[in-house]
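[1] Below: sequence and its predicted model.
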Amino acid sequence: MSQEPIATPVHDEQPRKVKTNLLGLSASRIGDFLESLGEKRFRGTQILKWIHQYGIDDLNEMTNISKSLRESLADVAEVVMPEVVSCQDSVDGTRKWLIKVDGGSCIEMVYIPERDRGTLCVSSQIGCALDCSFCATGKQGFARDLTTAEIIGQLWIAAKSFDQFDTKNPRRVTNVVMMGMGEPLMNFNNVVDAMSLMMDDNAYGLSKRRVTLSTAGVVPELDKLGDVSDVSLAISLHAPNDELRNQLVPINRKYPLVDFIGSAKRYLDKMPDNRRKVTVEYTLMDRVNDRDEHAKELSVLLRDLPCKINLIPFNPFPGSEYKKVTKVALNRFRDILQNDGYTVTVRTTRGDDIAAACGQLAGEVNDRTKRQERYKKRLQEQSEEQVVKIVG
Ligand code: SAH
């Protein structure tokens, strides 16, 4: 009987050293890192500028740093970008990237050009653990938090693709919203570090008004946010009372509306500039949360919160159980709030031909929950029912 050859183990292979990815280090962290190597902190500022202002990801090209430091740095550090898998352009100028991250999952990022600005919608997690009933991301389940490098890497990729690192070119990304896949406050430290790079004058230099964090209401983390950051805040409300919000946004069962709104108010109170306002996001779904009484209840609920209201017509996705709000209901809802003195904007749907609109970002999530599987099964059953209906 012939025997299978047995592979002899190789013993002389060096274990691969885990290097620090400089892309993900905020100003203070890169300073600490260099100090730990016995170097001066200001070298960190130089590296930060190379990466985030000039778009350089090769240590050898950082020419104001001595060759010997570059060489010793290369033993322990590297600059690694997430990998772009594909990039699609919508007829309306919206651009969507599919970006591969370690572990085989993919996240999505969207750029939305407008007349006077360009907004990048950045993801904070692979999938999302919150499972809001109307959001495509939730249906994909959850894999893990993104690292700081993977979050800021999204902005780097967009800036590179618009040739924005060339200072002669206009800045195309003028605003960043943490409204892609995931709940940013569930990935607190990495998101805060990434946002500090977005606002750092040695990196992207965006003002605090142009960086927005959107949350579904993780109250303890929101209470911490105001102590370490002063970005603009958007709160995803979607319902004017707990009974309805419990169904749409399950985290409401843990942190009900009164706590969430109280926490948003405390956030504003921590800001030195008392003219700042919270943006209230309200996704309108046909005959779910779009009636006159909902608008009136919302108006009362928000009475003491300095805010502006952003109405988002629901964007359908495969298998979604809700319908888009009608134009009539949308206008009535807006008018009721406006008559009560609120500033109300309606988010126009952008990039829906490439599934890049709000709530349509799905990516490819190596789900660690069973949610994606259950969702796919339900989709399958639905399409089988349809076939039976058509055939029958
Ligand atoms: N987890 C964060 C950020 C991601 S969602 C949050 O909940 O705020 C960004 C915004 O898009 C939220 O206001 C979200 O509720 C909204 N959204 C989600 N699904 C949507 C859909 N199908 N149609 C329209 N807006 C949606």
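    Okay, I see it. Numbers count the residues shown, from 1 in each chain.

[2] Which stretches in the stretch 201-350 of the chain count as strands?
    Here the stretch 201-350 of the chain has its strands, by DSSP state E, counting those that start in this stretch, at 211-215, 232-236, 278-284, 307-313, 344-346.

[3] The stretch 201-350 of the chain against the ligand: which residues are in contact?
    Neighbours of the ligand within the stretch 201-350 of the chain, by C-beta under 6 Å from any ligand atom: 214, 215, 216, 236, 281, 283, 312, 314, 315. The way it works is simple: take the backbone N, C-alpha and C, and place the C-beta from them, glycine included.

[4] Out of those, which is nearest to residue 199?
    residue 214 (16.6 Å; C-beta to C-beta).

[5] and the closest residue to the closest one other than its chain neighbours, bridged to which residues?
    Leaving aside its sequence neighbours, residue 214 sits nearest to residue 234 (C-beta to C-beta, 6 or more residues apart in numbering; 4.0 Å). Under DSSP bridges, the beta-bridge partners of residue 234 are residue 214, residue 279.

[6] pLDDT at residue 234, what is it?
    Looking at residue 234, its pLDDT is 98.

[7] and what of residue 221?
    For residue 221, pLDDT reads 98.

[8] show me the residues around the spatially most central residue of the chain that make contact.
    In the chain, the centroid-proximal residue (C-alpha atoms, centre = their mean) is residue 123; its distance is 2.9 Å. If a contact means C-beta atoms under 8 Å, 6 or more residues apart in numbering, then residue 123 has 107, 108, 109, 146, 151, 154, 180, 181, 182, 361, 363 as its contacts.

[9] what's residue 21 in contact with, if anything?
    77, 78, 79, 80, 147, 149.

[10] show me where the stretch 201-350 of the chain has helices.
    Secondary structure of the stretch 201-350 of the chain by DSSP state H, counting those that start in this stretch: the helices cover 219-228, 242-248, 257-269, 292-301, 327-339.

[11] List, one by one, the residues from the stretch 51-200 of the chain near the ligand.
    Contact residues (C-beta under 6 Å from any ligand atom) of the stretch 51-200 of the chain with the ligand: 134, 135, 179, 183.

[12] that older thread, out of the contacts of residue 21, which two sit at the greatest distance?
    The widest separation within these (C-beta to C-beta) is 14.8 Å, between 77 and 147.

[13] Just the strands from the stretch 51-200 of the chain, written as ranges.
    Ranges of strands in the stretch 51-200 of the chain, per DSSP E, counting those that start in this stretch, are 77-78, 83-89, 95-100, 106-113, 118-121, 125-127, 142-145, 175-178.

[14] Output the below-cut-off pLDDT ranges for this protein.
    1-16, 359-362, 383-392 (pLDDT under 70).

[15] domain parsing for it?
    Domain ranges of the chain: 20-78, 83-376, per automatic domain parsing.

[16] okay, how far is it across the last one, tip to tip?
    In terms of C-alpha to C-alpha, to the nearest Å, the two terminal residues of domain 83-376 are separated by 27 Å.

[17] ok, of the residues of the stretch 201-350 of the chain next to the ligand, which one's closest to residue 142?
    residue 216 (13.7 Å).

[18] correct me, but the closest one touches residue 239?
    No - contact criterion C-beta atoms under 8 Å: residue 216 and residue 239 do not qualify, at 11.4 Å.

[19] Identify the contacts common to these two.
    Listed as contacting both residue 216 and residue 239 by C-beta under 8 Å, 6+ apart are residue 249.

[20] Between these two, which has more neighbouring residues?
    Using other C-beta atoms under 10 Å as the criterion, residue 216 and residue 239 rank with residue 216 on top: 26 against 23.

[21] give the contact list for the more buried one.
    Residue 216 makes contact with 130, 132, 183, 236, 249, 251, according to C-beta under 8 Å, 6+ apart.

[22] how many other residues sit next to the fourth one?
    This means residue 236. Count around residue 236 with other C-beta under 10 Å applied: 25.

[23] Can you tell me the closest non-neighbouring residue to residue 211?
    Excluding its sequence neighbours, the residue lying closest to residue 211 (C-beta to C-beta, 6+ apart) is residue 231, at 4.6 Å.

[24] Could you measure from the one you found over to residue 157?
    For residue 231, the distance to residue 157 equals 21 Å [C-beta to C-beta, to the nearest Å].

[25] of these two, who's got more company?
    residue 231 (25 against 20).

[26] how many neighbours does residue 72 have?
    Around residue 72 there are 14 residues (other C-beta under 10 Å).

[27] Fine by me, thanks again.
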